[in-house]
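Chemist: fold the stuff below for me.
(one chain, ligands or ions: 1)
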Amino acid sequence: MLTLPESASLETRVSLVREALNTASEGRYPAPRLIAVTKTHAPEVFLPLADMGVDTIGENRVQEIREKLPVLADRFQVHMIGRLQTNKVKYIMEGVSMIQSLDRMELALEIDRQAQKHQVTMPVLVEISPAGEKQKCGLPPEELEQFLRNVAPLQGLRVQGLMAVMPLDADEETLARLFQNMRTLFERTREKMIPGIEMKELSMGMSHDFLLAARYGATMVRIGSLLFGKRNYPAPS
Ligand SMILES: *Cc1c(COP(=O)(O)O)cnc(C)c1O
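Modeler: Next comes the predicted model:
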């Protein structure tokens, strides 16, 4: 785990995280892209990222995305990384450039419907539940192939890969096994070459486990608290 001094500036944090990513993935995989998870943080906290070459942020609440979009839209791409209710899909169709948390057919159908209505094609990642049924979010790995075959014909969305959130209580050994499983699932699925499905992104790794994720071939890591600490964006009343 990477720990940074409390006093480190955002710029220092970004460059240390990048350095660590390069080292962790070295020799095996290209270094993953850094997605800054800006949920709960006000725009003035993270706007400087735009000058540090961080061009993509992750948010997990529809309402917060809508509030922040006017400030963000021309500086960052926004990825939706949190659980998405079908009745809220319509609010983010034009604001986000990827939905990383597609985990059920009902949601795929609604994204498809809204995308066609807004005349866009929404890039999505399929969220996998790496530890199986112990987790409430994500598709079980054994259901992935059939899910992809069902989703492939939908014109409004384009699957580009997989996403996973690891269990928070897992030890290092378990995490390593789960990251390896995700990488294997990703590669095996890519080899199946399912028509209409791309397998080029593997989004895994957060503040506490991103070095392991990089070692096991993540193409994107999603990092929040290590960059921003725990300062809070006003909660909805
Ligand atoms: C909050 C969040 C992150 C970032 O977590 P940190 O531990 O703050 O780095 C990554 N992915 C998802 C899905 C999240 O909700």
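Chemist: how close does residue 25 sit to the ligand?
Modeler: According to C-beta to the nearest ligand atom, to the nearest Å, residue 25 and the ligand sit 18 Å apart. Just so you know, the C-beta spots here come from the backbone N, C-alpha and C atoms, and that holds for glycine as well.
Chemist: can you give me the neighbour number for that residue?
Modeler: Residues near residue 25, counting by other C-beta atoms under 10 Å, number 21.
Chemist: kindly report the same for residue 104.
Modeler: For residue 104, the neighbour count with other C-beta under 10 Å is 17.
Chemist: what residues are up against it?
Modeler: Residue 104 sits next to residue 139 when contact means C-beta atoms under 8 Å, 6 or more residues apart in numbering.
Chemist: up against the ligand, what does this protein have?
Modeler: Listed as neighbours of the ligand in the chain under the rule C-beta under 6 Å from any ligand atom: 37, 39, 60, 81-82, 165, 206-208, 222-226.
Chemist: apply 8 Å and report the result again.
Modeler: 37, 39, 58, 60, 81-82, 100-101, 163, 165, 206-208, 210, 222-228 (C-beta under 8 Å from any ligand atom).
Chemist: for this structure, which segments count as helices?
Modeler: Using DSSP state H, the helices of the chain run over 10-25, 43-46, 62-72, 89-92, 105-118, 144-151, 172-192, 210-215, 225-228.
Chemist: could you list the buried residues of the fourth one?
Modeler: Neighbour-count burial for helix 89-92, with 16 or more other C-beta atoms under 10 Å as criterion, is recorded at 89, 92.
Chemist: next: the fifth one.
Modeler: Neighbour counts using 16+ other C-beta under 10 Å place 107-112, 114-116 of helix 105-118 among the buried residues.
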